[in-house]
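Novice: Requesting a structural model of the entry that follows:
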Amino acid sequence: MDFLMRINKFLNKVLTLTGGVVLIGMILLTCANIVARQVYVPIQGTFEIMGYAGAVVTAFALGYTQFTNGHICVDVLVNAYPKSMKRLISILNHGVCALFFFIVAWHVVQKAMTLKHAGEISETLRVIYYPFILAVALGCFILGLALLTDFLKVLIPRKAGDK
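Specialist: So this is what the prediction gives:
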């Protein structure tokens, strides 16, 4: 369990750092586009690049947000339940969500491979864009891993003397 937690923490840190770098690139591109628009003409393909980069930033933040319990949780009804019922609901929720995001990641990878084999390229810049779709699949997979870790934490509670 601790090994899975360390892997989860490491992967989420790497993806968050990568997403942060991409976000900085988005900011710089936006500023450059504003300046270029005022001076001469806008940078071609900015809208396209921002869309791909935004998808990557969002996907890479999913797992970290789950890992740090940063998602919104509406638990008005669940708070009224006894502790054993809360635990059962948490087990079911984390298990179903982990399974869902693993399946989503798998299907997104399949979609990316279909686009790769078809030779799809973007409209404006004419770049291959299946790597961006694979990045979204990676983000979904890491979210599934974070949810699986939470599932196991609730399923196998630590003893009071454990670290």
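Novice: Find the nearest non-adjacent residue to residue 136, please.
Specialist: The shortest distance from residue 136 to any non-neighbouring residue, by C-beta to C-beta, 6 or more residues apart in numbering, is to residue 59 (4.3 Å). Bear in mind the C-beta positions are built from the backbone N, C-alpha and C, glycine included.
Novice: For the one you found, list the residues it contacts.
Specialist: Contacts for residue 59 (C-beta atoms under 8 Å, 6 or more residues apart in numbering) come out as 135, 136, 138, 139, 140.
Novice: gap between it and residue 52?
Specialist: Per C-beta to C-beta, to the nearest Å, residue 59 is found 11 Å from residue 52.
Novice: remind me, longest helix of the chain?
Specialist: Across the chain, the helix with the greatest residue count (assigned by DSSP state H) is helix 2-39.
Novice: Give me the mean pLDDT for the helix or strand hosting the residue nearest to residue 136.
Specialist: Secondary structure here is read from DSSP states H and E; on that basis residue 59 sits in helix 46-67. With pLDDT averaged residue by residue, helix 46-67 scores 92.
Novice: CA atoms only: put it into PDB for me.
Specialist: Below are the C-alpha coordinates for helix 46-67, written out as PDB (Å, rounded to 0.1, in the frame of the first residue of the first chain):
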ATOM      1  CA  THR A  46      -2.700  30.200 -31.200                       C
ATOM      2  CA  PHE A  47      -6.300  29.100 -30.700                       C
ATOM      3  CA  GLU A  48      -5.400  25.600 -31.700                       C
ATOM      4  CA  ILE A  49      -2.300  25.400 -29.500                       C
ATOM      5  CA  MET A  50      -4.300  26.800 -26.600                       C
ATOM      6  CA  GLY A  51      -6.900  24.100 -27.000                       C
ATOM      7  CA  TYR A  52      -4.500  21.300 -27.000                       C
ATOM      8  CA  ALA A  53      -2.400  22.800 -24.100                       C
ATOM      9  CA  GLY A  54      -5.500  23.400 -22.100                       C
ATOM     10  CA  ALA A  55      -6.600  19.800 -22.500                       C
ATOM     11  CA  VAL A  56      -3.200  18.600 -21.300                       C
ATOM     12  CA  VAL A  57      -3.100  21.000 -18.300                       C
ATOM     13  CA  THR A  58      -6.600  20.000 -17.200                       C
ATOM     14  CA  ALA A  59      -5.900  16.200 -17.600                       C
ATOM     15  CA  PHE A  60      -2.600  16.500 -15.800                       C
ATOM     16  CA  ALA A  61      -4.200  18.200 -12.800                       C
ATOM     17  CA  LEU A  62      -7.000  15.600 -12.300                       C
ATOM     18  CA  GLY A  63      -4.900  13.000 -10.400                       C
ATOM     19  CA  TYR A  64      -3.100  15.600  -8.200                       C
ATOM     20  CA  THR A  65      -6.400  17.200  -7.200                       C
ATOM     21  CA  GLN A  66      -7.800  13.800  -6.200                       C
ATOM     22  CA  PHE A  67      -4.600  12.800  -4.400                       C
END
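Novice: I appreciate the help and will end here.
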